[in-house]
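Undergrad: missing the sequence, but the structure's below:
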């Protein structure tokens, strides 16, 4: 086990969110749009923010790919009903037009997809319930009716106190922010938000592109009051793990890039996919560590911060634990996507497990290629029937002299496998039609599309763990999997309820609930389970397939299983974003990877659960797209049409 206390890396006070903003940036977890050569229809010369790796394209930080067979476990698919039981509120939140053009930054932002929704719910100083949504790369605050409390979304660059991600004249680049998530802590009345930030060279390279330096850090934002529209304090933790800025040297390779300027930190690691959890003692952020410029995976990292220290500003120094090689059960080698747990209270998240001096719990899966990587980046995906339960004990020591211990246990569960891409119902795809029309493609892309663009299925994730909750000795989580549903291969969900104990000082657990959720002719993707203090909850997901455009779906859940599937907001058309099309893909292969998200969110509140979901909230035909400057009356942008949805559903 690697135990290391990181050096204090500074903090910055950000003023009220209602003033000031900056342009946005695409994320390493998202795929940026290919650059056009002119400005037309909202497509600027620098739609893409940066390059990563030897191929000069955006990094795909999922090493697993399709090819595994479906598992024959579902004989009776769930029903999709037209009723919406328990749906108390539902409103359209931010969409791609808001991200690209609608923030206080104006139009000087990058196009990106997917949004990767973070959601947190709490009370301000007056006792009003506030709902915070953080996306790649914008931030908004709502009341419970969906009214926006910021006049315009705030760019995360501005929120974190950084220079704009791009100024197009004179051309200047700023830091690159990605993968936000957040929570509200009821004990302190404070909001916590985390994100990954990658440093970039401010000027264009010799190849005409923006480039990374290799330096990257986790940013932790803590509100200075219970008002999320007020000021926040920002902490920075270096995570390049190449021996610089007080980080350990994990031996990440430099790759073969000859781009200029060359990275200042060619052997940097990358702290990808940060997610946040909490207990009474700490705030916990986990990352997936890859070589920044190479191909290898180096294990999930755990960063444990003193909660009281973050709030008081007296101690922002986390303890880092490396899980490389820590899966010792003979099946895999590395921890991958250790999702940290949260514990619900009546209003927000609270104390968690007090056993063994305080315990923070995590769940992870181990089918992904990353779990099997021996350091060469050449491992492949496996099926798995194992679930890992992780316990970080003695967390009460975080407020003084940290003395933490991380242990894990293996559970046998139902088999899971890489899910297939999700088919879409036929509908208007004006961007695809434009790409296949020479004159329109010239106007949109600056070149004729050399490919015959086809209708595209959308990405169904891999088998990494999604949101985790601990309550009264039980852990809840879910992941995406391929399912053989009524002899048809579909993307579906496997969920878990685990009885956990750290009374012995080490992780122990047993499976107390487990099952699959699948549909006969449609797909379910990106589950997020929120559990209320009563021990029942709601699962959010996307519904998409032969019968549904990408829609915001939900089902209730308890220890006995999952209800029928309901639609909180029906999709109005197919996904029609730039990641669907080969013209926007990276050379030399130009293989499109249609992106649909890396995660959603579900936040318990009283007897209900707030849900964050991605869906398609618009449609327009090619003629409308072309004659409205590729914006369909500002219901979409030239390059993407994703929407997000926030809903409140009562638990059973």
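TA: Arrived safely, thanks for sending. Not measured: the values here are computed from a predicted model.
Undergrad: may I see the buried residues of the longest helix belonging to the chain?
TA: Determined from DSSP state H, the single longest helix within the chain is helix 438-445. By neighbour count on 16 or more other Cβ atoms under 10 Å, the buried set for helix 438-445 is 440-441, 443-445. (Glycine included, C-beta is placed from N, CA and C.)
Undergrad: can I get these in a markdown table including distance to residue 566 and pLDDT?
TA: Converted to a markdown table, the buried residues of helix 438-445 look like this (distance: Cβ to Cβ, whole Å; pLDDT from 0 to 100):
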| residue | distance to residue 566 | pLDDT |
| --- | --- | --- |
| 440 | 39 | 96 |
| 441 | 40 | 95 |
| 443 | 42 | 93 |
| 444 | 37 | 92 |
| 445 | 40 | 90 |
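Undergrad: what is the most widely separated pair among the residues you listed?
TA: Farthest pair in these (Cβ to Cβ) is 440 and 445. Separation: 8.9 Å.
Undergrad: so the residue of the chain positioned farthest from its centre versus residue 44, what's the distance?
TA: Distance from the C-alpha centroid of the chain peaks at residue 439, with 36.6 Å (Cα atoms, centre = their mean). Residue 439 sits 20 Å away from residue 44, going by Cβ to Cβ, to the nearest Å.
Undergrad: show me where pLDDT drops low in the chain?
TA: The model of the chain has pLDDT under 70 over residues 1-42, 48-76, 330-331.
Undergrad: cutoff 50 now
TA: Counting by pLDDT under 50, the chain contains low-confidence residues at 1-40, 52-59, 68, 72.
Undergrad: report all helices and strands that the longest strand belonging to it contacts.
TA: Identified as the longest strand of the chain according to DSSP state E is strand 488-501. Counting contacts by 3 or more Cβ pairs under 8 Å, 6 or more residues apart in numbering; DSSP states H and E, strand 488-501 is packed against strand 359-365, strand 384-393, strand 405-416, strand 474-485, strand 508-517, strand 522-531, strand 537-545.
Undergrad: give me the angle between the fifth one and strand 537-545.
TA: Pointing back at strand 508-517 there. 40 degrees (axes from the mean of the first three to the mean of the last three Cα atoms, to 10 degrees).
Undergrad: which other helices and strands does strand 508-517 contact?
TA: Short answer (3+ Cβ pairs under 8 Å, 6+ apart): strand 508-517 packs on strand 384-393, strand 405-416, strand 474-485, strand 488-501, strand 561-562.
Undergrad: what strand or helix carries the closest residue to residue 194 other than its chain neighbours?
TA: Of all residues not flanking residue 194 in the chain, residue 276 sits nearest, at 4.8 Å (Cβ to Cβ, 6 or more residues apart in numbering). Taking DSSP states H and E as the definition, one finds residue 276 inside strand 269-278.
Undergrad: pairing partners for whatever helix or strand comes next after that strand, with directions?
TA: Using DSSP H and E, the next helix or strand after strand 269-278 towards the C-terminus is strand 282-291. Strand 282-291 pairs in its sheet with strand 269-278 (antiparallel), strand 297-306 (antiparallel), by DSSP bridges.
Undergrad: out of these, nearest to residue 426?
TA: Closest among the strands paired with strand 282-291, once you apply Cβ to Cβ, is strand 269-278, at 33.0 Å.
Undergrad: next, the buried residues of the closest one.
TA: 269-278.
Undergrad: relative to the whole chain's centre, how far out is that strand?
TA: Relative to its chain's centre, strand 269-278 lies at 10 Å (Cα atoms, centre = their mean, to the nearest Å).
Undergrad: tell me which of the helices and strands packed on strand 508-517 lies nearest to residue 244.
TA: That would be strand 405-416 among the helices and strands packed on strand 508-517, by Cβ to Cβ, at 25.0 Å.
Undergrad: the helix or strand that comes right after the closest one - contacts with which helices or strands?
TA: Next helix or strand after strand 405-416 toward the C-terminus (DSSP H and E): helix 430-435. Other elements packing on helix 430-435 under the criterion 3+ Cβ pairs under 8 Å, 6+ apart are helix 438-445, helix 622-627.
Undergrad: which other helices and strands contact the very next helix or strand once past the first one?
TA: Okay, so that is helix 438-445. As assigned by DSSP H and E, the chain's next helix or strand after helix 438-445 is strand 468-471. Contact partners of strand 468-471 among helices and strands, from 3+ Cβ pairs under 8 Å, 6+ apart: strand 339-342, strand 359-365, strand 474-485, strand 522-531.
Undergrad: for residue 77, find the nearest of those.
TA: Of the helices and strands packed on strand 468-471, nearest to residue 77 by Cβ to Cβ is strand 474-485, at 5.0 Å.
Undergrad: dump the helices and strands packed on strand 468-471 to CSV, plus mean neighbour count and distance to residue 185.
TA: Formatted as CSV, these follow (neighbours: other Cβ atoms under 10 Å; distance: least, Cβ to Cβ, whole Å):
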stretch, mean neighbour count, distance to residue 185
strand 339-342, 27, 9
strand 359-365, 29, 14
strand 474-485, 25, 19
strand 522-531, 28, 16
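Undergrad: CSV for these, including distance to residue 613?
TA: CSV is the format used below for the helices and strands packed on strand 468-471 (distance: least, Cβ to Cβ, whole Å):
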stretch, distance to residue 613
strand 339-342, 18
strand 359-365, 22
strand 474-485, 14
strand 522-531, 8
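Undergrad: which of the ones you listed sits closest to residue 545?
TA: Shortest distance between residue 545 and the helices and strands packed on strand 468-471, using Cβ to Cβ, is found for strand 522-531: 2.9 Å.
Undergrad: what's the angle between that closest one and strand 488-501?
TA: Strand 522-531 and strand 488-501 are oriented at 20 degrees to each other (the same axes, to 10 degrees).
Undergrad: counting by contacts, list what strand 522-531 packs against.
TA: Checking 3+ Cβ pairs under 8 Å, 6+ apart, strand 522-531 ends up next to strand 468-471, strand 474-485, strand 488-501, strand 537-545, strand 601-605, strand 608-615.
Undergrad: quick one: which helix or strand includes the residue lying closest to residue 486 once chain neighbours are set aside?
TA: The shortest distance from residue 486 to any non-neighbouring residue, by Cβ to Cβ, 6+ apart, is to residue 520 (5.0 Å). Following DSSP H and E, one finds residue 520 outside all helices and strands.
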